[in-house]
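Asks: Prediction below, plus the sequence it came from.
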Amino acid sequence: MEEEANIAHQDSNTKTLMPSLAPYVGMEFRNSDEAWSFWISYGAQKGFEVRKRYTNKSQSDGKVTSCRFVCANEGHRRQDKRDHLTKRRRAETRTGCQVHMSLKMDRKKGNFEVSELVLEHNHIVYLPQTLHLMVSQKKISDIPAFEIEIADDAGIEPKAAHELASHQVGGSLNLSYTVQDHTNYLPTKRQRGMAYGQAGSMLKYFQDKIAENPSFQYALQMDCEEQIANIFWVDAKMIMDYAHFGDVVSFDTTFGTDKESRPFGVFVGFNHFRETVVFGAALMYDETFESFKWLFETFLKAHNGQQPKTIYTDQDSAMGKAVAEVFVEAWHGLCTFDIMQNAVKHLHEEKNEDTNILSDFSACMFEYVDMAEFEHKFDIIRKKVSKQTWLDGIYKLKEKWAECYMKHVFTLGMRRTQSNESLTNDLKIHFKSDFDIIEFFIHFERVVQGKRDNELNSEFDSRRNLPKICMRRPPPILVQASKLYTPIIFEAFQGEYEKSLAACTKALEGNNEYLVGDFTFKEEYEVIGDPSKQTVVCSCRQFDRTGILCAHALKVLDLMNIKLLPPQYVLKRWTWEAWIGTVQDNQGRNIAENPMDAMLRYKYMSRKFLNLAHQAANIPECTVLVDRALDILGKQIEDKVNGCTSTDPCTVRTDDLFTGELVFW
């Protein structure tokens, strides 16, 4: 090589130098770390691996006095007596290369000076294109490490995340690490996350969440051996959602996801877009009555004792007993999907020529609104099966699942834990059985955030897209409803109004009492109206169940010349204003879903005050000046806070924080 030809060869007591690098001899560094960084950079430039040969320290003060940095191919590997027994020996990497840089400390100056430099390699150096593969050049600095952790928390596989990072910097050659380094970094990250053990890391995770938002809550139930048995947690958004939409709740523990396969339970419901919202979650040790009782009591405590009107669960007897004891104001229903699954299991095994037995059972569950008809049809099913044990058991619970026994129940149209099942399916996509507890929490948080993103998308779309009114000259009641209800609820209301237009009526003896049905009156309902109070009551009781007036009631409202929805028939939880209203946690604090702006302002002011106090504390006159100024400022802030109202809050513009100005408007 031309470069090697310029090397001046001398005896071992002299320096062997490349003329172009001769100025490096005598070069000074402030410390050995600075010299090491230089050697790494030089190795990258010339294409060779580097390592430290030795470092000498003073016995008196422990300071480094001299060191030598070498090519990684320096020396030779020690002979192993077992080499002859090895079928596949490791490849040789040492060639006895003499390249090195020695440094000595100058006691007077306190710095390090290059005392010896050898730069002639006895091996082939690496190509520039393979720089990112050299061990001494691999480095995951703070920013790439942060991006790796973010990608992992988002569920992006290492290979895909590495490809993304490569595209961002113009190719993998410009990255300082490989996909394998990326993969190897993740266990290190998880080890840091679990540095305090499972229990300690979990508590730290919860405390960090509380630091982010004081309204975050968690609860732990200990067993007789003082070990954590059951875990419940709820964040600020869950508390707010429950306050607005916690009238109907669904809960089940369908599967375990963490590596100990604990039952995982989640409380969910519907928002005003009929989308899933989460009210709380739990990891449980077992599914006993005591565990469920503790969980349900903890759930209510987190939500200020607000009882739901209806709660759906599966057929677990221990769970049902706990529901009856804790949710004393709620109607308890059974998940129809779970019941049908059991029906398939028990009824499908029957050797019966009638293949419609499952559809007959489904009709008993959903179609028959008359109790006598239900009883008759159910008796027919009994006669078709030989083993009636399961049928007898489910019949005893008919009030919890049969349509004819649920006319009075406020269900919002929910008959099953489909919200849980939807969330469960999303969780199964992302969860793995070997997750540790912190990974479990992070990935659950990500899945819940996905649901919340869907909610925001619906909110955005519903405000962008005007409601579709199917009439050219819509009546006032439809125009009113289109402005009150969210799109999906308005569509349901408009459907009922269209049915009312085709409905027929028969006047009864009482004032404003009618039979309303189709033109054949095969299905008719009694409706009683009161024009003075603008009330209407239908025997189908749809409004009591779903919060949306039925076609029969709308028909009679029109007959009474009531052309707008009376206020008592506009359920707030279905309207645009469902989210309006201040919600407090169980400590009496107003909940802010995302208080990060306030936290940023607090950190900014704290840093300024501390710097000011540090400067003023050394001079008495400055201390007095600051003290007086703070008294005046404190009085001004108190007046400002007292002048703020809930309808006209004081707001700080966060983009002015970094200019040193706090702007109020």
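Replies: Right, received. Where do you want to start?

Asks: all helices for the stretch 501-650 of the chain, in order.
Replies: For the stretch 501-650 of the chain, the helices defined by DSSP state H, counting those that start in this stretch occupy 542-546, 551-559, 596-616, 620-643.

Asks: From the centroid of the protein, which residue is nearest?
Replies: Glu445 (1.8 Å; C-alpha atoms, centre = their mean).

Asks: what helix or strand is that one on?
Replies: Applying DSSP states H and E as the criterion places Glu445 in helix 437-464.

Asks: Put together a markdown table for the helices of the stretch 501-650 of the chain, with distance to Glu157 on each row.
Replies: Bear in mind the C-beta positions are built from the backbone N, C-alpha and C, glycine included. Listed next are the helices of the stretch 501-650 of the chain as a markdown table, based on distance: least, C-beta to C-beta, whole Å:
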| stretch | distance to Glu157 |
| --- | --- |
| helix 542-546 | 43 |
| helix 551-559 | 52 |
| helix 596-616 | 29 |
| helix 620-643 | 49 |
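
Asks: what would the ones you listed look like in TSV with distance to Met27, mean pLDDT and mean neighbour count?
Replies: Below are the helices of the stretch 501-650 of the chain laid out as TSV (distance: least, C-beta to C-beta, whole Å; pLDDT from 0 to 100; neighbours: other C-beta atoms under 10 Å):
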stretch	distance to Met27	mean pLDDT	mean neighbour count
helix 542-546	82	94	18
helix 551-559	91	95	23
helix 596-616	39	71	12
helix 620-643	47	85	11
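
Asks: which parts of the helix holding Glu445 are buried?
Replies: Applying a neighbour-count criterion of 16 or more other C-beta atoms under 10 Å, one finds 437-445, 447-448, 451-452, 455, 458-459, 462 buried in helix 437-464.

Asks: quick revisit: out of the helices of the stretch 501-650 of the chain, which gets nearest to Glu509?
Replies: helix 551-559 (15.5 Å; C-beta to C-beta).

Asks: Give the next helix or strand downstream of the helix-or-strand element of the chain with minimal mean pLDDT.
Replies: Lowest by mean pLDDT, DSSP states H and E among the helices and strands of the chain is helix 2-5, with a mean of 38. Next along the chain after helix 2-5, taking DSSP H and E as the criterion, comes strand 28-29.

Asks: That following strand packs against which elements?
Replies: strand 111-118 (3 or more C-beta pairs under 8 Å, 6 or more residues apart in numbering; DSSP states H and E).

Asks: Now the strand it packs on: buried residues?
Replies: Neighbour-count burial for strand 111-118 [16+ other C-beta under 10 Å]: Asn111, Phe112, Glu113, Val114, Leu117, Val118.

Asks: With just CA atoms, put stretch 334-341 into CSV.
Replies: Included here for stretch 334-341 are C-alpha records, laid out as CSV according to Å, rounded to 0.1, in the frame of the first residue of the first chain:
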residue,chain,number,x,y,z
LEU,A,334,-75.7,-12.4,31.6
CYS,A,335,-73.7,-12.2,28.4
THR,A,336,-75.8,-13.7,25.6
PHE,A,337,-72.7,-14.7,23.6
ASP,A,338,-71.4,-16.7,26.6
ILE,A,339,-74.8,-18.4,26.9
MET,A,340,-75.0,-19.3,23.2
GLN,A,341,-71.5,-20.8,23.4
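
Asks: residues making contact with that stretch?
Replies: 250, 252, 312-315, 358, 361-362, 365-366, 394, 397, 400-401, 415-418, 421 (C-beta atoms under 8 Å, 6 or more residues apart in numbering).

Asks: buried residues in it?
Replies: Neighbour-count burial for stretch 334-341 [16+ other C-beta under 10 Å]: Leu334, Cys335, Thr336, Phe337, Asp338, Ile339, Met340.

Asks: roughly how far apart are the third one and Phe361?
Replies: If you measure Thr336 against Phe361 using C-beta to C-beta, to the nearest Å, the figure is 11 Å.

Asks: Just to confirm, what confidence does the model report for Tyr525?
Replies: Here the pLDDT value assigned to Tyr525 is 91.

Asks: which residues touch it?
Replies: Leu515, Val516, Gly517, Cys538, Ser539, Cys540, Cys550, His552.

Asks: who does it bridge with?
Replies: Beta bridges link Tyr525 to Val516, judged by DSSP bridges.

Asks: Make residue 1 into 222 and carry on from there
Replies: Right, with 222 as the first residue, what we last looked at is Tyr746.

Asks: distance of it from Glu734?
Replies: For Tyr746 relative to Glu734 (C-beta to C-beta), the value is 12 Å.

Asks: Please apply the same query to Leu778.
Replies: Counting by C-beta to C-beta - Leu778 and Glu734 are separated by 14 Å.

Asks: shared neighbours of the two, anything?
Replies: In contact with both Leu778 and Glu734: Gly750, using C-beta under 8 Å, 6+ apart.

Asks: burial of Lys542, as a residue count?
Replies: 13 (other C-beta atoms under 10 Å).

Asks: Ser258 now?
Replies: There are 11 residues near Ser258, going by other C-beta under 10 Å.

Asks: would you say it is within a helix?
Replies: Yes: judged by DSSP: H, G, I helix; E, B strand; the rest coil, Ser258 forms part of a helix.

Asks: Next up, the contacts around the closest residue to Glu334 other than its chain neighbours.
Replies: Spatially, and ignoring its direct neighbours in sequence, Glu334 is nearest to Glu249 (5.2 Å; C-beta to C-beta, 6 or more residues apart in numbering). Glu249 makes contact with Asp327, Lys330, Asn332, Phe333, Glu334, Val335, according to C-beta under 8 Å, 6+ apart.
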